[in-house]
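Asker: model this:
(2 chains)
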There are 2 protein chains.
Amino acid sequence: MLNKLKETVTGPPLPTHQMMSNRLNKIRALAAFSPDALSSIAYANQEIYLGLVVAGSAGLSLAWPIGLAITTLLVLLAISYYQTIQGYPSGGGSFIVAKENLGIVPGVVAAAALLIDYLLTAAVSLTAGMDAIASAFPSLQPYKVAMALGILLIITVINLRGIQESGTAMAIPVYLFLITYISMIGYGVIVALRQGPGPLHVFAPAATLPVSLFLVLHTFSSGCTALTGIEAISNGTPAFRPPEARNAGKTLIVMAVLMGLLFVGSIGLTQYLAVIARPDETILSAFAHRLLGNSAGYYLIQASTTLILAVAANTSFAGFPRLTAIMAREGFLPRPLSNLGDRLVFNNGILMLAGGTAALIVFFGGDTHALIPLFAVGVFLAFTLSQTGMVVHWWSKKGHGWGVKAVANGVGALATCITLLIVCVSKFTQGAWIIVVLIPILVAIFLRIHHHFKQVSAQLSMSGHPPSLNPGPPPRVVVPISGVHRGIVGAINFARSISPDVTAFYIELEPGAAERVKNDWQRWWPDVPLIIRPSPYRSIITPLLDFLDETDQEHHDGQQAVVVLPEFIPAHWWQSLLHNQASLMIKTARLYHRRQKGFQRVMIDVPYHLKK
Amino acid sequence: MLNKLKETVTGPPLPTHQMMSNRLNKIRALAAFSPDALSSIAYANQEIYLGLVVAGSAGLSLAWPIGLAITTLLVLLAISYYQTIQGYPSGGGSFIVAKENLGIVPGVVAAAALLIDYLLTAAVSLTAGMDAIASAFPSLQPYKVAMALGILLIITVINLRGIQESGTAMAIPVYLFLITYISMIGYGVIVALRQGPGPLHVFAPAATLPVSLFLVLHTFSSGCTALTGIEAISNGTPAFRPPEARNAGKTLIVMAVLMGLLFVGSIGLTQYLAVIARPDETILSAFAHRLLGNSAGYYLIQASTTLILAVAANTSFAGFPRLTAIMAREGFLPRPLSNLGDRLVFNNGILMLAGGTAALIVFFGGDTHALIPLFAVGVFLAFTLSQTGMVVHWWSKKGHGWGVKAVANGVGALATCITLLIVCVSKFTQGAWIIVVLIPILVAIFLRIHHHFKQVSAQLSMSGHPPSLNPGPPPRVVVPISGVHRGIVGAINFARSISPDVTAFYIELEPGAAERVKNDWQRWWPDVPLIIRPSPYRSIITPLLDFLDETDQEHHDGQQAVVVLPEFIPAHWWQSLLHNQASLMIKTARLYHRRQKGFQRVMIDVPYHLKK
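Answerer: Numbering: from 1, shown residues only, chains lettered A, B, ... in the order given. Prediction:
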């Protein structure tokens, strides 16, 4: 029944050989990997606006230069990641690049940073999407958390069904967003040319803080969230149709150009037209309002913003499970994260991401502005490690034109490193500290897991001093019985079929019961010895274990007696509730005390099935 | 750790031979079995008052005659149960008496009625206790449910520790109650003699309903709850010190006299002195107020009322687990209810009662008046069946003076039967219908369970066509392996020690992996055949089961192959989370699909313990 429910939600299982056919063409890949990057303008513009508006019109006039600085970073990152795709066509996430070129510790640091960012991308995209819709319909403000969780659930289910289907479902909103925003910005340019610049000093609220270097750097840090998601394509190169690297590279260039266009266009026009937002409205909503009024066009813009942000959360669902699978395969995370599910996706990673995102949304009450300070640290840490790794990569390979490539990545590394420092300092007390604390903890966990897997593989290795491959003599067998009845016949027969040395063992719980059992036993199995022990405290486990230990010691042959447990299985599950399940108790106690003396021996349960 | 917590709460385990020494002397037995009966006046008086006050002073003047009618019933019941104790010194609960003399169905009907009443006794006593304390401290009104649950928890723990300890803990409140109430009634008689009757028609609220036959019968029904608990001693005779029947009989007489004294005294004085209660106050509280004013004496009375009612819930904890244990031993309830716990009490019954009582209190919001209509049906049903059974008992035995005894019980049976009819009719729509519906359902369940146990015992019997006791040839053994490593060595060695016919079985999950496994296998175990199967859908369970079925069919020897599962056990529990636990998955699937083809065979897991 559980299996049926699962199939209804995720669809029927797929065979492994269909794996290859689930690749993405460029149109679908852009839809699957770019929404985070493209949609970042929704919260990045908002954060820049919120960062500057406290300094009044003097502050807001800095939006354009800060936007240009971020766009410069965008160009450097696009070049860097284009090179990464070419250098690592099999999937060059920051984890792989940093680990291969800089070593294990930088690698897992990058991985920790990336995992956190995938989570935050999903959370921030969903909450920002709800901000967009609540800007258009302020009465929905109180339901933001519930709506975000609902959309998260839908995205999770779609991803559990498999990536190609997610490509289809996500493509429409992405292209709708591109068309509506490019049209709006085009129209905005016409309006700007006709009307000339707006009087910013007239509309802007009065300054409550002076313009300071800290204010500028702080705003720059927040605005850098516009760059999140740019690395997704390089991490997901193997999901492209062959030739993977070429298709991925082209898609990256298209994505970077679109990102720059939307970001520069929207931020430039907002400032030029002197747009100011209401307190419960996003600046993008105010911008659209300024251009389109209360027309259907305005609502279409808000809808497409919400939709692409919902879809942006999907970027994480493409990246996070893939990264955890790679890490699991290399022994930094639990193995089950690397298992392909029935639908050829990494179910466990998808569920882990969904759970973490839901927790973040609930914990931060769906407040985008509160989540943002946690965001940029991880992003730029991963960027820096990845770019530095690429420098080492080109340097050590010394292939065609390696010098230019190394310099390009070096510039990227330097720029992202500086940004990282700015972000850490300017956002530390607002939440960045959480990430600064969390990353070392995650790194320690990853390394501990890795250490365990290395130890296991050493312990499992057949090389070196080889184990004895000689089977011993037939084991001594002990069969605990609850009385003489048909339920124990199968167990006794089985015990005698595997060994000539069989002993039955009876625990007397009620005084006097043993006598009858002894007589019955003599009647049916006179040639099998029966041992009877009292149990003053009415326990069945302790006397059994004591007897087993005693008999092992008596025989001092270095062997452990094997237990054959007769177990009767009722015809219907509810009937199990009616019986004292001694064998179940023994098995449960064993599972629980697995690592304790006495429970380590082999236990064989032989079922006797009741018919009715 | 769980074990330690359990020992802290309930104390260390006791050996079975201490069972006898945990018997009760008469002083303690009175404390353990009488509180329900004695404390009933708290809610019975209250219900009589609430039933009559709607008819104003004309109504309230009927309290005294109704009280006398109930006292007459009390005398009849005391005589009846005194005889039951003599007839059934080994414990003559209504269940035993009805079953032995009237047959199985009347027996389980009585049992169902009694179980319901034990639950209601506990629930009503606790809520009425909270009414008493909230009468003295009205600010505690909103916390009645929480306080009742807290006291329920304390009683449960005390009972889990063992009955003698509960006797000690409960004796003080019982004797405190007797002393304070008898003193108060004595003082009340003096006051009444001095002051003469109070002007009831002056103080009583105006009548909203006329005095009618229905009103009188309805009030009589409610008042009959004063008789609950009178049967507890006859049910618990074996808990007395020897000679059990004599001691129990004496205790019953003392208890009945005390019950009558308190009931008649309080109800008579209340009417004589024209006591009227505030809406948030019980009539007993108003009575004490009238006599003692706001003195310390008044608060002592309220405290002792609350205490004995709390202790009254304990009557159920003495009776309910004992009855469920008897029923379980006779196969009408699940066997685990008959297990003596570490402290020689029936833990499972205690926990079941505690859970049910808590549910009742919460569901009815701690409202005594809402619970009362459910109460009397079961009580008088059990009384009637038990008395009728005693008539048949004396009749069939025809011992010394059987005629008088039969008539005495016959009168009891008739009186309780008439009361039962009155209760059912007058309370039907107020909640009695729940019990009228519930009892047949419970009876059906008991009979279904009984049927199952009879079937099981027939299926387990060695008599009749006896099973084959000849062990077969050594089993065919299949060892599923996940690769060639030390983790499988123990399993292969074990398999070969129990049978010469061993086959290893490998499932290829990733294309190409089989080749290496094949080569390694040849190196270490060239003489053991290895079967390799692909798994296109990446399942490990389906291919294994398919292979086992195939090989069973191929061999058509009527035998099932046995599976030896290599299982590696990590050194620490958390490490288990890091691995794909194939053998655990197989075992879990087996537990879940126990009754399905393929999972019925014997599976042996051979652990390999990792050291670090």
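Asker: only C-alpha atoms for contact and neighbour calcs from this point on.
Answerer: OK.
Asker: Low-confidence stretches in the stretch 101-250 of chain A?
Answerer: For the stretch 101-250 of chain A, applying pLDDT under 70 flags the ranges A:163-169.
Asker: Quick one: neighbours of residue A:500, just the number.
Answerer: 13 (other Cα atoms under 10 Å in any protein chain shown).
Asker: Checking it next. Helix, strand or coil?
Answerer: coil (DSSP: H, G, I helix; E, B strand; the rest coil).
Asker: so where do the helices sit in the stretch 501-612 of chain A?
Answerer: Shown for the stretch 501-612 of chain A, the helices assigned by DSSP state H, counting those that start in this stretch span residues A:513-524, A:541-555, A:573-576, A:582-592.
Asker: Of all those, which one is nearest residue B:43?
Answerer: helix A:573-576 (39.6 Å; Cα to Cα).
Asker: Let's see the closest one as CSV, backbone CA atoms only.
Answerer: Taking C-alpha atoms only, helix A:573-576 is exported to CSV below (Å, rounded to 0.1, in the frame of the first residue of the first chain):
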residue,chain,number,x,y,z
TRP,A,573,-1.0,-9.2,11.6
TRP,A,574,-3.4,-8.2,14.4
GLN,A,575,-3.1,-11.6,16.0
SER,A,576,0.5,-10.9,16.7
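Asker: what is the mean pLDDT for it?
Answerer: Throughout helix A:573-576, pLDDT has a mean value of 78.
Asker: Just give me how far that helix sits from the chain centre.
Answerer: Helix A:573-576 sits 39 Å away from the centroid of its parent chain (Cα atoms, centre = their mean, to the nearest Å).
Asker: And stretch A:43-50, by the same measure?
Answerer: 27 Å.
Asker: In the stretch 251-400 of chain A, what residue comes closest to chain B?
Answerer: The nearest approach of the stretch 251-400 of chain A to chain B comes at residue A:334, 3.8 Å away (Cα to the nearest Cα).
Asker: Out of the helices of the stretch 501-612 of chain A, which is closest to residue B:436?
Answerer: That would be helix A:573-576 among the helices of the stretch 501-612 of chain A, by Cα to Cα, at 25.9 Å.
Asker: hmm, back to that, right, and the residue of the stretch 251-400 of chain A closest to chain B touches residue B:576 too?
Answerer: No. Under the criterion of Cα atoms under 8 Å, residue A:334 is not in contact with residue B:576, lying 9.1 Å apart.
Asker: what about those two, which has more around it?
Answerer: residue A:334 (23 against 14).
Asker: Tell me how far that one lies from residue A:110.
Answerer: 18 Å (Cα to Cα, to the nearest Å).
Asker: Which strands and helices lie in contact with the helix or strand encompassing residue A:216?
Answerer: Using DSSP states H and E, the element containing residue A:216 is helix A:213-223. When contacts are defined as 3 or more Cα pairs under 8 Å, 6 or more residues apart in numbering or on different chains; DSSP states H and E, helix A:213-223 sits against helix A:35-53, helix A:63-87, helix A:368-397, helix A:402-427.
Asker: What residues sit buried inside it?
Answerer: A:215, A:216, A:217, A:218, A:219, A:220, A:221, A:222, A:223 (16 or more other Cα atoms under 10 Å in any protein chain shown).
Asker: Convert the very next helix or strand once past that helix to CSV, retaining C-alpha atoms only.
Answerer: The helix or strand immediately downstream of helix A:213-223 is helix A:232-235, counting by DSSP H and E. Output in CSV follows, covering the C-alpha atoms of helix A:232-235 (Å, rounded to 0.1, in the frame of the first residue of the first chain):
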residue,chain,number,x,y,z
ALA,A,232,25.1,25.8,-11.3
ILE,A,233,25.8,25.0,-14.9
SER,A,234,29.5,24.1,-14.3
ASN,A,235,28.4,21.7,-11.6
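Asker: How far does helix A:232-235 sit from its chain's centre?
Answerer: With Cα atoms, centre = their mean, you get 16 Å for helix A:232-235.
Asker: swap in stretch A:458-468?
Answerer: 35 Å.
Asker: do the same with stretch A:444-464
Answerer: 23 Å.
Asker: in that stretch, what counts as buried?
Answerer: For stretch A:444-464, by 16+ other Cα under 10 Å, it's A:446, A:447, A:449, A:450, A:452, A:453, A:456, A:459, A:460, A:461, A:462.
Asker: Give me the nearest residue to the residue sitting nearest the centre point of chain A, chain neighbours excluded.
Answerer: Centroid-nearest residue in chain A, with Cα atoms, centre = their mean: residue A:353, separated by 3.6 Å. Of all residues not flanking residue A:353 in the chain, residue A:119 sits nearest, at 6.4 Å (Cα to Cα, 6 or more residues apart in numbering or on different chains).
Asker: residues touching the nearest residue to residue A:470 once chain neighbours are set aside, list them.
Answerer: Counting by Cα to Cα, 6+ apart, residue A:470 lies nearest to residue B:493, which is 6.3 Å off, once chain neighbours are set aside. By Cα atoms under 8 Å, 6 or more residues apart in numbering or on different chains, the contact set of residue B:493 is A:469, A:470, A:471, A:472.
Asker: Check which helix or strand residue B:493 maps to.
Answerer: helix B:489-498.
Asker: Residue A:206 too?
Answerer: Judged by DSSP H and E, residue A:206 forms part of no helix or strand.
Asker: Can you list the buried residues in the helix holding residue B:493?
Answerer: So, applying 16+ other Cα under 10 Å, buried residues of helix B:489-498: B:489, B:490, B:491, B:492, B:493, B:494, B:495, B:496, B:497, B:498.
Asker: Now do the residue nearest to residue A:374 when sequence neighbours are not counted against residue A:123, distance only.
Answerer: Closest residue in space to residue A:374, ignoring its immediate chain neighbours: residue A:432 at 4.8 Å, by Cα to Cα, 6+ apart. Distance, residue A:432 to residue A:123, by Cα to Cα: 16 Å.
Asker: Between these two, point out the one with more neighbours.
Answerer: Comparing residue A:432 with residue A:123 by other Cα under 10 Å, the one with more neighbours is residue A:123, at 33 against 23.
Asker: and the end-to-end length of stretch A:232-239?
Answerer: 11 Å.
Asker: Run the chain-centre distance for it.
Answerer: That offset, for stretch A:232-239, works out to 16 Å (Cα atoms, centre = their mean).
Asker: quick one: low-confidence parts of chain A?
Answerer: Looking at chain A by pLDDT under 70, you get A:1-6, A:16-22, A:163-169, A:465, A:591-599.
Asker: who in the stretch 251-400 of chain A is up against chain B?
Answerer: Contact residues (Cα under 8 Å from any Cα of the partner chain) of the stretch 251-400 of chain A with chain B: A:333, A:334, A:335, A:336, A:340, A:342.
Asker: which one is the last one nearest to, not counting chain neighbours?
Answerer: The shortest distance from residue A:342 to any residue other than its chain neighbours is 4.3 Å, reached at residue A:13 (Cα to Cα, 6+ apart).
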